[in-house]
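Colleague: structure of the sequence below:
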Amino acid sequence: MDDTSYVIVTTTVETEDLAVKLAELITSTRLAACVQFWPIRSVYWWQGKMESGTEFILQCKTPANLAPELQDFIRTHHPYEIPEIIVTPILGGHPPYLNWIHQETSKRS
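Modeller: Take a look at the predicted model:
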């Protein structure tokens, strides 16, 4: 499997509970082989005002061909009006790890 055929889909949520819930939903559907998350501090513009707050960033490792479905899934299950959803190509990596992503996401029912 060519390592450029994998991506990381990134999103953010407001709380750790939401991060756990979304990570488990994504992983249980095998739209991603792995979802990692951790707290971050965000400063951003929203509705004409600068805002600041703690969020949790989620990084989902998946084959590129599943990225559109994963994006739709995140939009459907995300509480934000306009969720952050960014797809970043994986340009290289440890071949056995990339193969593991492929194997785990291929087990979708």
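Colleague: what's the pLDDT at Met1?
Modeller: Looking at Met1, its pLDDT is 44.
Colleague: what ranges do the helices span in the chain?
Modeller: 16-28, 67-77, 95-105 (DSSP state H).
Colleague: next, the angle from the longest one to helix 95-105.
Modeller: Taking axes from the mean of the first three to the mean of the last three Cα atoms, to 10 degrees, one finds helix 16-28 and helix 95-105 inclined to each other by 90 degrees.
Colleague: can you give me the buried ones in helix 16-28?
Modeller: Buried residues in helix 16-28, counting neighbours by 16 or more other Cβ atoms under 10 Å, are found at Leu18, Ala19, Leu22, Ala23, Ile26, Thr27. Placement of C-beta: from N, CA and C, glycine included.
Colleague: identify the residues contacting the fifth one.
Modeller: Spelled out, that is Ile26. For Ile26, the contact set (Cβ atoms under 8 Å, 6 or more residues apart in numbering) comprises Ala32, Val35, Leu58, Cys60, Leu70, Phe73, Ile74.
Colleague: quick one: it from Ile86, how far?
Modeller: 15 Å (Cβ to Cβ, to the nearest Å).
Colleague: try the fourth one
Modeller: The spacing between Ala23 and Ile86, counted by Cβ to Cβ, is 16 Å.
Colleague: where does pLDDT dip in the chain?
Modeller: For the chain, the stretches with pLDDT under 70 are 1-4, 109.
Colleague: quick one: which of the contacts of Ile26 is nearest His102?
Modeller: Taking Cβ to Cβ as the measure, His102 lies nearest Ala32 of the contacts of Ile26, at 11.8 Å.
Colleague: you'd agree that closest one is up against His102?
Modeller: No: judged on Cβ atoms under 8 Å, Ala32 makes no contact with His102 at a distance of 11.8 Å.
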